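Student: What follows is a predicted protein model with its sequence.
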Amino acid sequence: MKSQEIILIAVAETSVIVRSGLVAVLKRLPDMNIQTIEVTSKEGLQHCMEAHTPNILIVNPQFEGWFDVDAFKEHYPHLGTKIVSLICTFVDANQLKGYEESINLFDDVESLEKKISVLMNFAEEDDSDQDTLSQREKEIIGCVVRGMTNKEIAEKLYISVHTVITHRRNITRKLQIHSAAGLTIYAIVNKLVELSEVKMKI
């Protein structure tokens, strides 16, 4: 883990409780050197993007009404900021298209750290975690062996299709399993799914 590298994360959320809570958790992540910027309005977000170049922007999809992620990416195409949705309430899956990842209020510290690692491309360099699957990767294996497409998985887990593909690539690398049948056997043996849930393809 590149713990020395500073990760600049902007958190755009109008609720002071949610925003401050997330910032406090981010600063406590043990293996990461995270600096945060709190953003409370769209005007403030504009100032933030002009003054800094955050590595990651965590934003509520309902930020000041509705956050247009595609328009934002078009406006700042050169920055390469990863955009993560902050799910506080029920959000329609269509509103989450274009986000690289999704953070939920119920995510634990380990899950949050893992997501940031993947976004920052740290995960592949962390040899100690090479063979262990994250909770999100286990969820994706369960979806795959139930016969869901990448698009269906993305909608179910509130993440982008690109993120699903990245997770699946990491799963293949960690498990060295290259077939759907092999993944199905792994999922059943490790109790990630019940046999009755598996969608058999004949």
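Tutor: In hand now; what should we look at? Numbering: from 1, shown residues only.
Student: From now on I want contacts and neighbour counts done on CA atoms only, so please keep to that.
Tutor: OK.
Student: The residue nearest to E5 when sequence neighbours are not counted: neighbour count?
Tutor: Distances taken as Cα to Cα, 6 or more residues apart in numbering put N33 closest to E5, at 6.3 Å, once the chain neighbours are dropped. Burial of N33, expressed as a neighbour count using other Cα atoms under 10 Å, amounts to 16.
Student: swap in T184?
Tutor: The burial count for T184: 23, using other Cα under 10 Å.
Student: who are the neighbours in contact with it?
Tutor: Under the criterion of Cα atoms under 8 Å, 6 or more residues apart in numbering, the neighbours of T184 are 145, 198.
Student: try it again with 6 Å
Tutor: V145 (Cα atoms under 6 Å, 6 or more residues apart in numbering).
Student: The residue nearest to E5 against L26, yeah?
Tutor: No. Counting by Cα atoms under 6 Å, N33 sits too far from L26 to count as a contact (9.2 Å).
Student: any low-confidence regions in this protein?
Tutor: In the prediction, the chain carries residues with pLDDT under 70 at positions 1-4, 122-131, 199-202.
Student: Spatially central, which residue of this protein would that be?
Tutor: A centroid search over the chain (Cα atoms, centre = their mean) returns E101, at 2.9 Å, as the residue closest to the centre.
Student: Quick check: phi and psi on it?
Tutor: Summarising the backbone geometry of E101 under the convention degrees, to the nearest 10, its torsions are phi -160, psi 170.
Student: on that earlier part again, what's the spacing between the residue nearest to E5 and E113?
Tutor: The spacing between N33 and E113, counted by Cα to Cα, to the nearest Å, is 11 Å.
Student: count of neighbours near L96?
Tutor: Should you count by other Cα under 10 Å, L96 turns out to have 24 residues around it.
Student: number of nearby residues for the nearest residue to it once chain neighbours are set aside?
Tutor: Across the structure, with Cα to Cα, 6+ apart as the measure, the residue nearest L96 apart from its sequence neighbours is Y158 (6.3 Å). When neighbours are defined as other Cα under 10 Å, Y158 has 24 of them.
Student: Quick one: the strands in this protein, in order.
Tutor: Listed from the start of the chain, the chain has strands (DSSP state E) covering 6-12, 33-39, 56-59, 82-87, 101-104.
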